[in-house]
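Colleague: no sequence on this one, just coordinates:
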């Protein structure tokens, strides 16, 4: 292979690497799949005291919140619900309890929506 061909090959490889880099680096994995926590909590805090009620429910081991809080949680998009109850500060089991509690207030999430998807069969079942 001649010197010109080697230079041309190196140039083309560099040009290709530069051309495809923006396609892969515009958004990282977390930016694509995880929401901005400030947006999620901002939606929850539209209901006065909702965030406090969520934390108090964990501490007191008894869910106590108003229908406005349930409506705020229901209004969250999928990414926020998933982040808060699977990757955020609360456990998936707690998310299912919140869902059941909100149903008693007449605020329900869509039937197809489950907050918790267990990784293994039988894991995380709530028998209350």
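Modeller: Yes, it's here. Nothing here was measured: the structure is a model prediction, and the numbers come from that model.

Colleague: List the residues that contact the closest residue to residue 87 other than its chain neighbours.
Modeller: Distances taken as Cβ to Cβ, 6 or more residues apart in numbering put residue 34 closest to residue 87, at 6.9 Å, once the chain neighbours are dropped. Quick note: C-beta positions are derived from backbone N, CA and C, even for glycine. Counting by Cβ atoms under 8 Å, 6 or more residues apart in numbering, residue 34 touches 79, 83, 87.

Colleague: Could you report the pLDDT at the last one?
Modeller: On the pLDDT scale, residue 87 is placed at 75.

Colleague: what residue ranges in this structure score low on pLDDT?
Modeller: Along the chain, segments meeting pLDDT under 70 span 1, 16-17, 19-33, 88, 109-128.

Colleague: Report the buried residues of stretch 70-85.
Modeller: Buried residues in stretch 70-85, counted by 16 or more other Cβ atoms under 10 Å: 70, 72, 73, 74, 76, 79, 80, 81, 82, 83, 84, 85.

Colleague: typo on my end, stretch 84-98
Modeller: Quick answer for stretch 84-98 (16+ other Cβ under 10 Å): 84, 85, 88, 90, 92, 94, 95, 96, 97, 98.

Colleague: among these, which are in helices?
Modeller: The helices, defined by DSSP state H, take in 92, 94, 95, 96, 97, 98 from the buried residues of stretch 84-98.
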